[in-house]
Structures are given as structure tokens and as C-alpha cells.
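Asker: sharing a model that was predicted from the sequence below.
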Amino acid sequence: MLNSRICRAVFVGLTAIVALLFFWQSLSIPAPTFEPVGGARVPQATAIAIILLAVMALAMALSKRNAAQIEAEAIKPIDWRGVLFVIIFGAYAVALASRTIGLGWLTAAFLIATQALFSEKRFSPPLAIILAISAFALELIFTKVFIIDVTTSF
């Protein structure tokens, strides 16, 4: 069985390779007519940031640790909140792609569910109200300011 350091190192290495390919492909993006910075700068900066983070993570994954740290890692229980978050996020993405519920309602439900899942204390109704207002404000910004075609709640 592979140990976690090797698995982490392989994953980070593959991530760095994908980012390098991403950077290589961004070199072929033609220069835009009306943008002085260039259309490839954002993808290139993203790829460089991912590569730098991957190198740092690779160094951490391959660093030497003492036996107590490795043993403490091995007996950590699984945090099911992370698994639940992935399920909630997947449901949010599928519902968003199906265009059946408005962005405001869907984002409000997602933010409130995430807040309830990860809050260390008990559920906070005032924070839930603020999150719901933020979700609808986000929908208005996307539809009225940026003019992005999303399913609206209004």
C-alpha cells in the first residue's frame, strides 16, 4: 500500500504538469485588439501561481518528518464535513446547470447549508439572513451589471 506522502507527491506532480501544459497552451492565445495587457496574461498568471503552489506542496510532501507526526497522521479520523461539502457542492453545480432554480435561491441555500455545516458554534440566523441577501445581491450583479445569462429568481 502506498503511503500518504507518495500519493500526495504524485498528485501534486500531476497538478504541476497540467499547469505547465495550461501555460504552454496559453502562449498560443492571440493578442486582442482592444486590450493592452493581452488575453493570455490571466491564464499565464494562474498557471504560474498553480506551479509555484505545487512546488511548495511537493517540498512539504517530501520533507522529512519524525515518526510521531506520521503516526498522528495515520490515526486521524475522516472529517465527514469535507465529504458532505463535496456532495452539497455537486448538488449545487448540477442544480445550477439544470437551470430549474434561480441563482439567488440556489446560492442562498448553498451558502446557508455550508455555513451550517462548517460553523463551530450553533447555527446563526442573522448570518443566514446576511448570506441570503448576499446571494440575491450576487444574482443582481451578475444579471444587471455584468449581463451574464443565469436563471434568475425574480
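Answerer: Nice, thanks for sending it over. What you see is a predicted model, and the numbers here were worked out from it, not measured in a lab.
Asker: can you tell me what sits against stretch 86-99?
Answerer: With contacts defined as Cβ atoms under 8 Å, 6 or more residues apart in numbering, stretch 86-99 is touched by 101, 103, 106-107, 109-110, 113-114, 117, 151. (C-beta placed from N, C-alpha, C; glycine too.)
Asker: what is the most widely separated pair among those residues?
Answerer: 117 and 151 (24.4 Å; Cβ to Cβ).
Asker: compare those two (neighbour count), which wins?
Answerer: Set residue 117 next to residue 151 and count neighbours by other Cβ atoms under 10 Å: residue 151 wins out with 18 against 14.
Asker: hang on, that one packs against residue 104?
Answerer: No: taking contacts as Cβ atoms under 8 Å, residue 151 lies outside contact range of residue 104: 9.4 Å.
Asker: near residue 11, how many other residues are there?
Answerer: Counted with other Cβ under 10 Å, residue 11 comes out at 14.
Asker: meant to ask about residue 54, not that
Answerer: By other Cβ under 10 Å, 20 other residues sit near residue 54.
Asker: contacting residues for it?
Answerer: Neighbours of residue 54 in contact, by Cβ under 8 Å, 6+ apart: 12-13, 15-16, 19.
Asker: swap in 10 Å and give it another go.
Answerer: Applying Cβ atoms under 10 Å, 6 or more residues apart in numbering to residue 54 gives the contacts 11-20.
Asker: grab the nearest non-local neighbour of it.
Answerer: Computed as Cβ to Cβ, 6 or more residues apart in numbering, the closest residue to residue 54 that is not its neighbour in sequence is residue 16, at 3.8 Å.
Asker: ok so, going back, which of the contacts of stretch 86-99 are buried?
Answerer: Buried subset of the contacts of stretch 86-99 (neighbour count, 16 or more other Cβ atoms under 10 Å): 103, 106-107, 109-110, 113-114, 151.
Asker: need phi/psi at residue 121.
Answerer: With angles defined as degrees, to the nearest 10, residue 121 sits at phi -100, psi -160.
Asker: can you check residue 151 too?
Answerer: Dihedral angles of residue 151 (phi, psi; degrees, to the nearest 10) stand at phi -70, psi 120.
Asker: tell me the contacts of it?
Answerer: Going by Cβ under 10 Å, 6+ apart, residue 151 touches 95-106, 139, 143.
Asker: pop the domain breakdown of this structure in here.
Answerer: Domain assignment for the chain by automatic domain parsing gives 4-74, 80-145.
Asker: tell me which element the residue nearest the centre of the chain falls in.
Answerer: The residue lying closest to the centre of the chain (Cα atoms, centre = their mean) is residue 89, at 9.9 Å. Assigned by DSSP states H and E, residue 89 falls within helix 80-98.
Asker: if anything else comes up later, I'll come back, but that's it for now.
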